[in-house]
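> below is the sequence, then the predicted model.
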Amino acid sequence: MLDRRVVIRAAIGGAAALSVLALAVGVANAIVLLGGGGAKTDPRALPHAQAALVLGAYVQPDGRPSAMLEDRLRATAALYHDGRVDKVLASGDHGRPDYDEVNAMRAELVRLGVPDRVIFTDHAGFATLDSVVRARKVFDVRSAIVVTQPFHMARALWLAHRAGLTAYGLEAGSGNGYGAKGTQAGVREVLARTKAVADIVTGAQPKFLGPQVDIAGSAQASRG
(Lines give C-alpha, C1' and ligand atoms only; values in the text may rest on other atoms or scores of the structure.)
Protein backbone atom coordinates (compact mmCIF):
# COMPACT_ATOMS: atom_id res chain seq x y z
CA MET A 1 0.00 0.00 0.00
CA LEU A 2 1.11 3.55 -0.67
CA ASP A 3 2.25 5.56 2.31
CA ARG A 4 -0.46 8.08 3.14
CA ARG A 5 2.12 10.85 3.55
CA VAL A 6 3.47 10.19 0.05
CA VAL A 7 -0.03 10.46 -1.40
CA ILE A 8 -0.69 13.71 0.46
CA ARG A 9 2.63 15.23 -0.67
CA ALA A 10 1.92 14.21 -4.27
CA ALA A 11 -1.56 15.74 -4.10
CA ILE A 12 -0.19 18.98 -2.63
CA GLY A 13 2.54 19.09 -5.29
CA GLY A 14 0.03 18.50 -8.05
CA ALA A 15 -2.28 21.19 -6.74
CA ALA A 16 0.61 23.64 -6.48
CA ALA A 17 1.69 22.90 -10.05
CA LEU A 18 -1.86 23.43 -11.32
CA SER A 19 -2.07 26.71 -9.43
CA VAL A 20 1.16 27.95 -11.00
CA LEU A 21 -0.06 26.90 -14.44
CA ALA A 22 -3.41 28.63 -13.94
CA LEU A 23 -1.62 31.78 -12.78
CA ALA A 24 0.66 31.75 -15.83
CA VAL A 25 -2.30 31.31 -18.18
CA GLY A 26 -4.23 34.06 -16.43
CA VAL A 27 -1.36 36.54 -16.48
CA ALA A 28 -0.56 35.84 -20.14
CA ASN A 29 -4.20 36.31 -21.14
CA ALA A 30 -4.41 39.57 -19.19
CA ILE A 31 -1.28 40.89 -20.92
CA VAL A 32 -2.65 40.10 -24.38
CA LEU A 33 -6.20 41.30 -23.73
CA LEU A 34 -5.03 44.60 -22.24
CA GLY A 35 -2.37 45.17 -24.89
CA GLY A 36 -4.46 44.12 -27.88
CA GLY A 37 -7.60 46.16 -27.37
CA GLY A 38 -9.12 48.98 -29.37
CA ALA A 39 -10.50 47.12 -32.39
CA LYS A 40 -13.53 48.51 -34.20
CA THR A 41 -16.53 46.98 -35.92
CA ASP A 42 -17.06 49.83 -38.40
CA PRO A 43 -14.45 50.58 -41.10
CA ARG A 44 -15.37 54.28 -40.90
CA ALA A 45 -14.10 54.40 -37.32
CA LEU A 46 -10.57 53.44 -38.37
CA PRO A 47 -7.71 55.61 -39.62
CA HIS A 48 -6.09 55.09 -43.00
CA ALA A 49 -3.37 52.41 -43.19
CA GLN A 50 -1.05 51.05 -45.87
CA ALA A 51 -2.73 47.68 -45.99
CA ALA A 52 -5.45 45.45 -44.67
CA LEU A 53 -3.90 42.31 -43.21
CA VAL A 54 -6.57 39.63 -43.50
CA LEU A 55 -5.68 36.47 -41.63
CA GLY A 56 -6.42 33.08 -43.13
CA ALA A 57 -8.86 30.48 -41.87
CA TYR A 58 -10.23 27.15 -43.02
CA VAL A 59 -11.04 26.65 -46.70
CA GLN A 60 -13.50 23.94 -47.82
CA PRO A 61 -12.21 21.00 -49.92
CA ASP A 62 -13.88 22.55 -52.98
CA GLY A 63 -11.93 25.79 -52.44
CA ARG A 64 -14.75 27.86 -50.94
CA PRO A 65 -13.91 29.95 -47.87
CA SER A 66 -15.45 28.80 -44.61
CA ALA A 67 -18.06 31.07 -43.02
CA MET A 68 -15.42 32.45 -40.68
CA LEU A 69 -13.06 33.31 -43.50
CA GLU A 70 -15.88 34.70 -45.65
CA ASP A 71 -16.71 37.18 -42.89
CA ARG A 72 -13.08 38.29 -42.78
CA LEU A 73 -12.97 38.78 -46.54
CA ARG A 74 -16.19 40.77 -46.62
CA ALA A 75 -14.90 43.05 -43.87
CA THR A 76 -11.64 43.48 -45.79
CA ALA A 77 -13.48 44.40 -48.98
CA ALA A 78 -15.50 46.97 -47.02
CA LEU A 79 -12.25 48.49 -45.73
CA TYR A 80 -10.88 48.82 -49.25
CA HIS A 81 -14.08 50.22 -50.72
CA ASP A 82 -14.26 52.77 -47.90
CA GLY A 83 -10.75 53.98 -48.79
CA ARG A 84 -9.22 52.97 -45.45
CA VAL A 85 -6.43 50.94 -47.05
CA ASP A 86 -4.49 51.09 -50.32
CA LYS A 87 -3.45 47.44 -50.46
CA VAL A 88 -4.62 44.09 -49.11
CA LEU A 89 -2.28 41.42 -47.77
CA ALA A 90 -4.00 38.02 -47.70
CA SER A 91 -1.98 35.83 -45.34
CA GLY A 92 -2.73 32.16 -44.85
CA ASP A 93 -1.68 28.54 -45.11
CA HIS A 94 -0.52 27.26 -48.48
CA GLY A 95 1.95 24.74 -47.15
CA ARG A 96 0.93 21.91 -49.45
CA PRO A 97 -0.44 21.71 -53.01
CA ASP A 98 -3.84 20.33 -52.02
CA TYR A 99 -4.64 23.02 -49.44
CA ASP A 100 -4.57 26.68 -50.40
CA GLU A 101 -6.15 29.34 -48.22
CA VAL A 102 -4.39 32.21 -49.95
CA ASN A 103 -5.57 31.88 -53.54
CA ALA A 104 -9.10 31.14 -52.28
CA MET A 105 -8.92 34.42 -50.34
CA ARG A 106 -7.62 36.29 -53.36
CA ALA A 107 -10.36 34.92 -55.65
CA GLU A 108 -13.09 35.84 -53.19
CA LEU A 109 -11.70 39.35 -52.67
CA VAL A 110 -11.74 39.88 -56.44
CA ARG A 111 -15.33 38.63 -56.54
CA LEU A 112 -16.14 41.20 -53.86
CA GLY A 113 -14.78 43.97 -56.07
CA VAL A 114 -11.24 44.41 -54.75
CA PRO A 115 -8.87 44.91 -57.73
CA ASP A 116 -6.49 42.01 -58.18
CA ARG A 117 -3.59 44.44 -58.65
CA VAL A 118 -3.82 45.57 -55.00
CA ILE A 119 -4.02 42.08 -53.47
CA PHE A 120 -0.70 40.74 -52.16
CA THR A 121 -0.56 37.09 -51.14
CA ASP A 122 1.46 35.65 -48.28
CA HIS A 123 1.62 31.88 -48.74
CA ALA A 124 3.52 31.22 -45.49
CA GLY A 125 1.10 32.73 -42.99
CA PHE A 126 0.91 29.46 -41.08
CA ALA A 127 0.18 31.11 -37.73
CA THR A 128 -0.71 34.57 -36.46
CA LEU A 129 2.90 35.21 -35.44
CA ASP A 130 4.10 34.27 -38.93
CA SER A 131 1.55 36.56 -40.58
CA VAL A 132 2.34 39.70 -38.60
CA VAL A 133 6.13 39.27 -38.59
CA ARG A 134 6.18 38.50 -42.31
CA ALA A 135 3.95 41.51 -42.98
CA ARG A 136 6.61 43.71 -41.41
CA LYS A 137 9.82 41.95 -42.44
CA VAL A 138 8.95 40.47 -45.85
CA PHE A 139 6.33 42.88 -47.19
CA ASP A 140 7.65 46.01 -45.46
CA VAL A 141 4.20 46.92 -44.17
CA ARG A 142 4.42 49.69 -41.60
CA SER A 143 0.76 50.35 -40.83
CA ALA A 144 -2.00 47.77 -41.11
CA ILE A 145 -5.61 47.14 -40.24
CA VAL A 146 -5.79 43.54 -39.03
CA VAL A 147 -9.00 41.73 -39.96
CA THR A 148 -10.19 38.76 -37.92
CA GLN A 149 -12.94 37.68 -35.49
CA PRO A 150 -13.34 39.26 -32.01
CA PHE A 151 -12.12 36.16 -30.14
CA HIS A 152 -8.84 36.23 -32.10
CA MET A 153 -8.38 39.99 -32.35
CA ALA A 154 -6.57 40.78 -29.10
CA ARG A 155 -3.84 38.22 -29.80
CA ALA A 156 -3.50 39.28 -33.43
CA LEU A 157 -3.17 42.97 -32.51
CA TRP A 158 -0.84 42.31 -29.59
CA LEU A 159 1.48 40.26 -31.79
CA ALA A 160 1.27 42.86 -34.57
CA HIS A 161 2.41 45.57 -32.16
CA ARG A 162 5.28 43.35 -30.99
CA ALA A 163 6.28 42.82 -34.63
CA GLY A 164 6.71 46.56 -35.11
CA LEU A 165 3.49 47.31 -36.97
CA THR A 166 1.34 50.33 -36.34
CA ALA A 167 -1.74 48.16 -36.16
CA TYR A 168 -5.47 48.69 -35.84
CA GLY A 169 -8.20 46.07 -35.82
CA LEU A 170 -11.45 45.52 -37.70
CA GLU A 171 -13.65 42.82 -36.18
CA ALA A 172 -15.32 40.55 -38.71
CA GLY A 173 -18.61 38.99 -37.66
CA SER A 174 -19.43 38.10 -34.08
CA GLY A 175 -17.18 35.08 -33.82
CA ASN A 176 -20.10 33.16 -32.28
CA GLY A 177 -22.06 32.12 -35.35
CA TYR A 178 -19.83 29.34 -36.64
CA GLY A 179 -21.18 26.37 -34.69
CA ALA A 180 -18.80 24.03 -32.90
CA LYS A 181 -15.76 25.38 -34.74
CA GLY A 182 -16.38 28.87 -33.45
CA THR A 183 -16.83 27.64 -29.87
CA GLN A 184 -13.72 25.47 -30.04
CA ALA A 185 -11.69 28.34 -31.46
CA GLY A 186 -12.74 30.56 -28.57
CA VAL A 187 -11.65 27.95 -26.02
CA ARG A 188 -8.34 27.31 -27.79
CA GLU A 189 -7.67 31.03 -27.83
CA VAL A 190 -7.05 31.04 -24.07
CA LEU A 191 -4.08 28.73 -24.53
CA ALA A 192 -3.04 30.45 -27.76
CA ARG A 193 -2.66 33.76 -25.92
CA THR A 194 -0.39 32.04 -23.41
CA LYS A 195 1.71 30.63 -26.23
CA ALA A 196 1.87 34.06 -27.88
CA VAL A 197 3.44 35.57 -24.77
CA ALA A 198 5.87 32.65 -24.53
CA ASP A 199 6.81 33.08 -28.21
CA ILE A 200 7.63 36.76 -27.70
CA VAL A 201 9.63 36.05 -24.53
CA THR A 202 11.65 33.33 -26.27
CA GLY A 203 12.12 35.27 -29.52
CA ALA A 204 10.23 32.80 -31.73
CA GLN A 205 10.32 33.52 -35.47
CA PRO A 206 8.15 32.51 -38.44
CA LYS A 207 8.72 29.16 -40.09
CA PHE A 208 9.83 30.97 -43.27
CA LEU A 209 10.87 34.51 -44.16
CA GLY A 210 12.39 34.53 -47.65
CA PRO A 211 12.90 37.34 -50.19
CA GLN A 212 11.27 40.71 -49.73
CA VAL A 213 8.11 41.67 -51.63
CA ASP A 214 7.54 45.36 -51.00
CA ILE A 215 3.89 46.26 -50.38
CA ALA A 216 4.60 49.49 -52.30
CA GLY A 217 5.56 47.52 -55.40
CA SER A 218 3.74 45.05 -57.65
CA ALA A 219 1.40 42.46 -56.19
CA GLN A 220 2.47 40.11 -59.00
CA ALA A 221 5.74 39.50 -57.16
CA SER A 222 3.81 37.81 -54.33
CA ARG A 223 2.00 35.26 -56.47
CA GLY A 224 2.69 31.63 -55.82
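The structure has been received and is ready for your questions. Numbers count the residues shown, from 1 in each chain.

> need the contact list for the most centrally placed residue in the chain.
Among the residues of the chain, the smallest C-alpha distance to the mean C-alpha position (CA atoms, centre = their mean) belongs to Thr128, namely 3.9 Å. Thr128 makes contacts with Leu55, His152, Arg155, Ala156, Leu159, Ala192, Ala196, as judged by CB atoms under 8 Å, 6 or more residues apart in numbering. C-beta here means a position set from N, CA and C on the backbone, and glycine is covered the same way.

> Thr41: which of those residues is nearest?
Top of the list for closeness to Thr41, among the contacts of Thr128 and by CB to CB, is His152 at 14.3 Å.

> ok so, going back, the contacts of Thr128 in strands, which ones?
Residues from these lying in strands, with DSSP state E as the criterion: Leu55.

> can you give me the strands in this protein?
Counting by DSSP E, the strands of the chain are 49-55, 85-91, 119-122, 143-148, 166-171.

> in JSON lines, list those along with mean neighbour count, mean pLDDT and distance to Asp62.
Output for the strands of the chain, formatted as JSON lines (neighbours: other CB atoms under 10 Å; pLDDT from 0 to 100; distance: least, CB to CB, whole Å):
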{"stretch": "strand 49-55", "mean neighbour count": "27", "mean pLDDT": "98", "distance to Asp62": "21"}
{"stretch": "strand 85-91", "mean neighbour count": "26", "mean pLDDT": "98", "distance to Asp62": "19"}
{"stretch": "strand 119-122", "mean neighbour count": "26", "mean pLDDT": "98", "distance to Asp62": "20"}
{"stretch": "strand 143-148", "mean neighbour count": "26", "mean pLDDT": "98", "distance to Asp62": "23"}
{"stretch": "strand 166-171", "mean neighbour count": "22", "mean pLDDT": "97", "distance to Asp62": "27"}
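
> next, format those strands as CSV and append distance to Gly26.
Below are those laid out as CSV (distance: least, CB to CB, whole Å):
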stretch, distance to Gly26
strand 49-55, 25
strand 85-91, 30
strand 119-122, 33
strand 143-148, 23
strand 166-171, 23
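
> which one of those strands lies nearest to Ile12?
With CB to CB, the closest approach to Ile12 among the strands of the chain belongs to strand 143-148: 41.7 Å.

> okay then, goodbye and thanks.
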